[in-house]
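Undergrad: Okay, here's the prediction I keep looking at, along with the sequence it came from:
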Amino acid sequence: MIKSKPRLGFLGTGWIGRHRMKKIIESGAAEAALIYDPHSESLAEALKEVPTASPADSYDDFLSSDLDGIVIATPSAQHAEQSIQALQAGYAVFCQKPLGRTATEVKNVVAAAKSTDTFLGVDFSYRYTEGMKRIHSLINEGEIGEIHAVDLVFHNAYGPDKTWFYDPKQSGGGCVMDLGVHLVDLALWCLNFPKILESSSRLFTGGKPLVNETEQVEDFALAQLDCAGGTTFRLACSWRLPAGCDCVISADFYGSKGGLSFRSLNGSFYDFIAERFRGTAREVLFQAAPPGMDPPAEDWGGRAAVAWAKRLAEGTRFDPSCENLITVAGVLDRIYRR
């Protein structure tokens, strides 16, 4: 039986790991009981933020401790194995994306959650932005009619600063695995996870077609996905694209009765605007603003983790909707032509 305030272990305390830990603790939804990171500096920084937590000597300490759940923010190659180990030991899991490098890895994690009736969550945080929540509602209420096209863009002016991102064995892929997965998830989520019938993609590295996917990862990708029901997704994503700003993030949905758009403001990674289109007219559904302005900047980054912790405190067990994680991973497999 889960306690009213679950005891959590935090595995991996880089920037993302510490941020998600901080947001969960600030929410009051759970407490940090145990923390582990193989890098002593990261572990020390995490313990400064939560001095009541205990440091662990290894991940094995987690699997024999009095915990209710484990939050995983380690390199991608470790996600599936660590998640399965935790689930099979009876712990709920909240994992950074990607849950696995391939659909097979993700399927195995979901199977572990289902067989143990254990709560599994993944940090698809963009779902929790106010703009995307409103777009999701309008689409599912039929407000823009039958959707025939979805345009997805995520360009990052920088590349990851850790070497494992550039090793396909460790990362599972480049900018698609790192960035594109968020937009693939958003599009599928908004359209209730339609079946993909056809797909095509082009992957590039250093401005040239990627020819050795076992030794290099893509830093630019284009893909088209044709769905049952007639909708076509187009995806473009990249690292280090000279786009004139820090990033370009957008998800545009076009239907028989209008359009909906979610996009970053002024090259920001954090501030977004959501709009509804009717012909040449547009209506703002939600717009973030800089600090000190009205409305204030939207603090959405930790909402997925907090929502998971709150549901865990309520006693949530296996959630059948996590089967959709396999669908998302399957789309990435198509883009990588595997």
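TA: Nice, thanks for sending it over.

Undergrad: give me every residue that touches the closest residue to residue 250 other than its chain neighbours.
TA: Spatial nearest neighbour of residue 250, chain neighbours left out: residue 263 (3.8 Å); criterion: Cβ to Cβ, 6 or more residues apart in numbering. Heads up, the C-betas are built off the backbone N, CA and C, glycines and all. Going by Cβ atoms under 8 Å, 6 or more residues apart in numbering, residue 263 touches 248, 249, 250, 251, 252, 272, 273.

Undergrad: And for residue 209?
TA: Residue 209 is in contact with 202, 203, counting by Cβ under 8 Å, 6+ apart.

Undergrad: how close does it sit to residue 108?
TA: Per Cβ to Cβ, to the nearest Å, residue 209 is found 32 Å from residue 108.

Undergrad: Could you do residue 239 as well?
TA: 28 Å.

Undergrad: what does residue 336 give?
TA: Taken as Cβ to Cβ, the span from residue 336 to residue 108 is 18 Å.

Undergrad: And residue 52, by the same measure?
TA: From residue 52 to residue 108 the distance is 35 Å (Cβ to Cβ).

Undergrad: do residue 170 as well
TA: With Cβ to Cβ as the criterion, residue 170 and residue 108 are 18 Å apart.

Undergrad: go on, residue 326?
TA: From residue 326 to residue 108 the distance is 10 Å (Cβ to Cβ).

Undergrad: Tell me which of the two has more neighbours.
TA: residue 326 (20 against 17; other Cβ atoms under 10 Å).

Undergrad: could you point out where this protein is predicted with low confidence?
TA: Along the chain, the parts satisfying pLDDT under 70 run over 1-3, 289-296.

Undergrad: What segments of it are helices?
TA: Remark: helices assigned in the chain by DSSP state H are 15-27, 40-49, 59-62, 76-88, 103-116, 130-140, 168-171, 175, 181-190, 303-313, 324-335.

Undergrad: out of the ones you listed, nearest to residue 154?
TA: helix 181-190 (5.6 Å; Cβ to Cβ).

Undergrad: quick one, the closest one and helix 324-335 angle?
TA: Orientation check (axes from the mean of the first three to the mean of the last three Cα atoms, to 10 degrees): helix 181-190 against helix 324-335 gives 120 degrees.

Undergrad: Report the distance from helix 181-190 to the chain centre.
TA: Here helix 181-190 is found 9 Å from its chain centre; the criterion is Cα atoms, centre = their mean, to the nearest Å.

Undergrad: Any chance you could list what contacts it?
TA: With Cβ under 8 Å, 6+ apart, helix 181-190 has contacts from 97-98, 124-127, 132, 135-136, 139-140, 150, 152-154, 194, 233, 235, 237, 249, 251, 253, 262, 324, 327-328, 331-332.

Undergrad: just stretch 76-83 next, same as before
TA: Outside stretch 76-83, the residues that reach it (Cβ under 8 Å, 6+ apart) are 11, 59, 70, 72, 74, 93, 95-96, 98-101, 105-106, 108-109, 112, 120, 164, 169-172, 177.

Undergrad: Also stretch 6-13?
TA: Contacts of stretch 6-13 (Cβ under 8 Å, 6+ apart): 17, 20-21, 24, 29-37, 42-43, 45-46, 53, 56, 59, 62, 65-74, 82, 91-92, 96, 309, 312-313.

Undergrad: Now the buried members of the contacts of stretch 76-83.
TA: Buried subset of the contacts of stretch 76-83 (neighbour count, 16 or more other Cβ atoms under 10 Å): 11, 59, 70, 72, 74, 93, 95-96, 98-101, 105-106, 108-109, 112, 120, 170-172, 177.

Undergrad: can you tell me how far residue 27 sits from residue 128?
TA: 13 Å.

Undergrad: more crowded one of these two?
TA: residue 128 (18 against 15).

Undergrad: if I look at the more buried one, how far off is residue 235?
TA: When distance is defined by Cβ to Cβ, residue 128 is 21 Å away from residue 235.

Undergrad: now residue 109
TA: Distance from residue 109 to residue 235, counting by Cβ to Cβ: 24 Å.

Undergrad: And the residue nearest to residue 102 when sequence neighbours are not counted, how far from residue 108?
TA: Closest residue in space to residue 102, ignoring its immediate chain neighbours: residue 333 at 6.0 Å, by Cβ to Cβ, 6+ apart. Taking Cβ to Cβ as the measure, residue 333 falls 14 Å from residue 108.

Undergrad: do the same with residue 176
TA: Residue 176 is 21 Å from residue 108, by Cβ to Cβ.

Undergrad: go on, residue 25?
TA: 31 Å.

Undergrad: and what of residue 144?
TA: Residue 144 is 37 Å from residue 108, by Cβ to Cβ.

Undergrad: Could you do residue 83 as well?
TA: 9 Å.

Undergrad: again, but for residue 201
TA: Distance, residue 201 to residue 108, by Cβ to Cβ: 25 Å.

Undergrad: Next: residue 310.
TA: 27 Å.

Undergrad: got it, and residue 259?
TA: Distance from residue 259 to residue 108, by Cβ to Cβ: 38 Å.

Undergrad: do residue 179 as well
TA: 24 Å.

Undergrad: Kindly report the same for residue 38.
TA: 24 Å.

Undergrad: Contacts only, for residue 219.
TA: With Cβ under 8 Å, 6+ apart, residue 219 has these contacts: 159, 174, 175, 204, 205, 206, 238, 239, 240.
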